[in-house]
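Asks: turn this into a model:
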Amino acid sequence: MVKITAAVRKQPGEPVCSVSEIDVCVGDKQLLHSISLELRAGEVLALLGPNGAGKSTLLSAISGELETTSGSIEFLDKPLGDWGLKALSRLRSVLLQEHQLMFPFSTVEVVEMGRAPWHRTPAEEEDAEAIQEAIATADVTHLHSRRVPTLSGGERARVSFARVLAGRTGVVMLDEPTAALDLKHQEAVLQTVRELAAAGAAVLVVIHDLTLAAAYADRVTLLKQGRIAATGTPAEVLTTETVSAIYDTPVEVIKNPRNGDLLVLPLRG
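Replies: Have a look, this model is predicted:
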């Protein structure tokens, strides 16, 4: 079971992060328009939408990696800008879309980076345990001493995921964590995401596979052209009509007769 060093001190279902009417502009292009949402303790919120919908931009803004043009973001009832970088790093861990590293760090050295925010704190005593637990959970134990540039894309993605897990933060933000992974490791990552939520963490995940999102997310937010098109449970949002309209392609959403999970199927031919 994954562990959390810094609990968010919120009951399941209570908002950990509140986003209110944010806009993001880069140059003369507006990427996000009046976005409002909540990230809640003990749940997985999936950001979905077509390419260019603004999913990664929104995650970067919420995590503090990208400045907003207007609106407000609060973590634990405190404006995002009032959190110092170190304090924010102890609150939330972020996995961005890009997994490339320019320097020849070993797997274990990369995972150790996830513990940097806890340096010179009492939680530093957890470092060795947290690092080994993260390496095992991400299934990269056999890559322990390998240099990251020599790894495959999927292996690098799992090493980056292990770095996030090592932080043991109460808020976890993941941008396409399954994109480079095979079927086994896609399921393993999202099962770990569910464990994080069960331990009380608030998890925000950008994902393209709608069927995976339906299986593992508590709520989903659909984006299109930088605006929220729909928010709710997977059953409420991932309907044949809504998905077909948002993605501008015909799909059929059905229930798996074996377990009731939603399956989003493109209509071909």
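Asks: would you check how far apart the closest residue to residue 155 other than its chain neighbours and residue 215 are?
Replies: Spatially, and ignoring its direct neighbours in sequence, residue 155 is nearest to residue 143 (6.1 Å; C-beta to C-beta, 6 or more residues apart in numbering). (C-beta placed from N, C-alpha, C; glycine too.) Remark: distance between residue 143 and residue 215 (C-beta to C-beta, to the nearest Å) = 27 Å.
Asks: neighbour count winner among these two?
Replies: Neighbour count, other C-beta atoms under 10 Å: between residue 143 and residue 215, residue 143 has more, with 22 against 18.
Asks: distance of the spatially most central residue of the chain relative to residue 204?
Replies: Compute the mean C-alpha point of the chain, and by C-alpha atoms, centre = their mean the closest residue is residue 174, 2.3 Å away. Separation of residue 174 from residue 204 (C-beta to C-beta): 7 Å.
Asks: go on, residue 253?
Replies: Distance check for residue 253 against residue 204: by C-beta to C-beta, it reads 23 Å.
Asks: comparing those two, which shows the higher neighbour count?
Replies: Higher neighbour count among residue 253 and residue 204: residue 204, with 25 against 20, using other C-beta under 10 Å.
Asks: in three-state terms, label that one for me.
Replies: Under the three-state scheme (DSSP: H, G, I helix; E, B strand; the rest coil), residue 204 adopts strand.
Asks: which stretches in the protein count as strands?
Replies: According to DSSP state E, the chain carries its strands in the segments 15-26, 29-40, 44-48, 70-75, 78-79, 92-95, 171-175, 202-206, 219-224, 227-232, 251-255, 262-266.
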